[in-house]
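**Q** Got a sequence here, can you build the structure:
(3 chains)
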Amino acid sequence: MSVALNVLTVVAVVAGAFFFLAGTVGLLRFPDTLTRLHALTKADNLGLGLVVLGLLPHVGSVLAGIKLVAIWLLVLLSGAVASQLIARATRQRDPDA
Amino acid sequence: MMEALNAGLALLLLALAVWTIVARDAFAAVAGFIAYGLLLTLAWVQLSGVDVALTEAAIGGGLTGALLIGAVGRLRDTEATARVERPKALTRALAALVAGAVTVALALCVLTLPDPAPTLAPDVAANIAATGVGNPITAVLLAFRAMDTLLEAIVLVFALIGVWSLAPDRAWGGRPGVRHVADPNGILAYIARVLPPIGIIVGMYIFWAGADHPGGKFQGATILAAMWLLVMMAGLTDAPPISRAWLRIGLVAGPLVFIAIGLAGAVTAGAFLAYPDGYAKPLIIVIELALMPTLALILALLLVGAPQRTIQR
Amino acid sequence: MNEATLFALCAVLLVGAGLYGLIVNPHPLRKILAFNVVGSGVFLLLGAIARRGAGAGFGGDPVPQALLITGIVVAFSATALAVALLLRLHDAAGSVTLASEVPPKVEPDAGSR
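**A** Now for the predicted structure:
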């Protein structure tokens, strides 16, 4: 049982790291602000979600697991708000970007 | 494995610090500095200083970053003028020489540190039971070195008075910063309504858990200050005029309670800031509860800055 | 090399880099940034020394770590005061130069943000 949980942790965390890598490559390679924001949100939501999923089997208590998921939800919320604000500012500054 | 992680972290820290120094655009330098502060949090975790990591993430990365971004925004048109004043190659070479000499001297000190390292950890472990708290950092901050914490709170009040004294004559006693305006149906107003209740709970939890786990009032007060700043930036509330009585009373209440408990300790337990037997934990809680609002007010107002607008009656 | 020595040497290099930036950068805001880098390097050095003092069941000597928390908060307040001074200088004098005479104003390059 614990072997299966360890395999799940490794697979999930590696997959999350892959999404972070993909997001970083997108940040460096995409041409303008709006497409870069798109790449970053993929890293934020999926990458962090998979890492949290991989860590969940190893927490000591249900409360700690709920805290991990709450952290992911807060990062989702703040990332979404920040992306919207940056996108609106970019659109206002350069309407045909 | 851990050595590779630490080496990579140290290299990234150095790279970001160099980026902060040599970046051409000030905004890029500040962005690099914020990332540097967050990586420094990881370095603190690797050095087994979780309380320090929390403080660095909140204040070093969060509040300092917000402060510097605000400053960069206001000083944007002075960068080109300042760039002309760059020193000649000789001055730069001399500066590199001085910096290199300081680095080498400090590196020699690091490599010749005494081994085994002198430490106060056994003394803290021996005496921590008398304080009633489980977190050794909280015990040091509020029981063994309470004088430092008291003086730090007073220094923060002085810094705020220093910032306020930079008001122009017409705005003396007025409201700091600018009146932020945001679309009341927009996303900034939305998150300024949704996040503060969560933030207040998280801040109070970090403060309360600081007695036995990593945390404490500085980290908790920073989160409370950040929530107030968010509400101000979304335009849902305005910064209070600095001449308001409740603001000034709130600022001095924390240190005054601290000093009062210290004087009471001088009378009942023999020394300033000594706690009578068995009363250590309740007194520590009272001090922390009194300091939290003061700290939150000070940290938020330090970021908002000097008064710029007259009082509107 | 254990992590305390590694981060202590990293901290020493940070102090050196920040010191160079403090001397060389003419814009006061960049000087404030460099000063913060020096400060964080000093804190990291003290943290590495605290790590070396681990014992009695703690991962690090708690006394220097408590001093570091105090130091980080006071460093932020010093930065806030420095930034407030700089903004007041900008409002009062129109430029942020630290030289005795105000240099002629250079327009920002067109095409920068």
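
**Q** What ranges does chain C have for its helices?
**A** Along chain C, the stretches classed as helices by DSSP state H are C:3-24, C:28-52, C:62-93.

**Q** can you check the stretch 151-300 of chain B too?
**A** Counting by DSSP state H, counting those that start in this stretch, one finds helices in the stretch 151-300 of chain B at the ranges B:187-209, B:217-233, B:245-268, B:280-304.

**Q** Of those, flag the one that's most buried.
**A** The highest mean neighbour count among the helices of the stretch 151-300 of chain B, using mean count of other CB atoms under 10 Å in any protein chain shown, belongs to helix B:217-233: a mean of 23. For every residue, glycine as well, the C-beta is placed using N, CA and C.

**Q** and residue 62, how many residues sit next to it?
**A** I went with chain A, as the question did not name one. For residue A:62, the count of nearby residues is 8 (other CB atoms under 10 Å in any protein chain shown).

**Q** that answer is for a different chain, and I need it for chain C
**A** Neighbour count of residue C:62, defined by other CB under 10 Å: 30.

**Q** So it sits against residue B:141, correct?
**A** No - in this structure, residue C:62 is not within contact of residue B:141 by CB atoms under 8 Å, at 9.2 Å.

**Q** what do those two both touch?
**A** Residues touching both residue C:62 and residue B:141 by CB atoms under 8 Å, 6 or more residues apart in numbering or on different chains: none at all.

**Q** Can you pull the poorly scored residue ranges out of chain C?
**A** Residue ranges of chain C with pLDDT under 70: C:109-113.

**Q** how about the nearest residue to the residue positioned nearest the centre of it, chain neighbours excluded?
**A** With distances taken as CA atoms, centre = their mean, residue C:36 lies nearest the centre of chain C, 1.0 Å away. Spatially, and ignoring its direct neighbours in sequence, residue C:36 is nearest to residue C:79 (6.2 Å; CB to CB, 6 or more residues apart in numbering or on different chains).

**Q** Stretch B:195-206 close to chain A?
**A** Yes - judged by CB under 8 Å from any CB of the partner chain, stretch B:195-206 and chain A are in contact via B:195, B:198.

**Q** ok, back up a step: same list, the helices of chain C, but as JSON lines with distance to residue B:196 please.
**A** Below are these laid out as JSON lines (distance: least, CB to CB, whole Å):
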{"stretch": "helix C:3-24", "distance to residue B:196": "35"}
{"stretch": "helix C:28-52", "distance to residue B:196": "28"}
{"stretch": "helix C:62-93", "distance to residue B:196": "21"}
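
**Q** which stretch among those helices comes nearest residue A:26?
**A** Closest approach to residue A:26 among the helices of chain C (CB to CB): helix C:28-52, 28.3 Å.

**Q** Please name every helix or strand in contact with that closest one.
**A** helix B:2-22, helix B:26-46, helix B:64-74, helix B:89-111, helix C:3-24, helix C:62-93 (3 or more CB pairs under 8 Å, 6 or more residues apart in numbering or on different chains; DSSP states H and E).

**Q** wouldn't residue B:147 be in contact with residue B:273 here?
**A** Yes - Residue B:147 lies in contact with residue B:273 (CB under 8 Å); the separation is 5.9 Å.

**Q** more neighbours, those two?
**A** Just comparing residue B:147 and residue B:273: by other CB under 10 Å the higher neighbour count belongs to residue B:273, 22 against 12.

**Q** Contacts only, for that one.
**A** B:146-147, B:150, B:261-262, B:265-266.

**Q** what does residue B:295 give?
**A** With contact taken as CB under 8 Å, 6+ apart, residue B:295 is in contact with B:153, B:156, B:217-218, B:221-222, B:225, B:254.

**Q** Also residue B:47?
**A** Contacts of residue B:47 (CB under 8 Å, 6+ apart): C:3-4, C:7, C:47-48, C:50-51, C:60.

**Q** Among those residues, which one sits closest to residue B:60?
**A** Taking these together and measuring to residue B:60 by CB to CB, the closest member is residue C:47, at 12.3 Å.

**Q** hang on, isn't that closest one packed against residue B:41?
**A** No - the criterion here is CB under 8 Å, and residue C:47 misses it with residue B:41 at 11.6 Å.

**Q** who's more crowded, these two?
**A** residue C:47 (29 against 18).

**Q** ok, residue A:72 - how many residues close by?
**A** 18.

**Q** Nearest spatial neighbour of it, chain-adjacent residues omitted?
**A** In this structure, residue A:72 finds its nearest non-sequential neighbour in residue A:52, 4.7 Å apart by CB to CB, 6+ apart.

**Q** you'd agree that neighbour is up against residue A:71?
**A** Yes - using CB under 8 Å, residue A:52 makes contact with residue A:71 at a distance of 7.2 Å.

**Q** Please say which of the two ends up with more neighbours.
**A** The residue with more neighbours, out of residue A:52 and residue A:71, is residue A:52; 20 against 12, by other CB under 10 Å.
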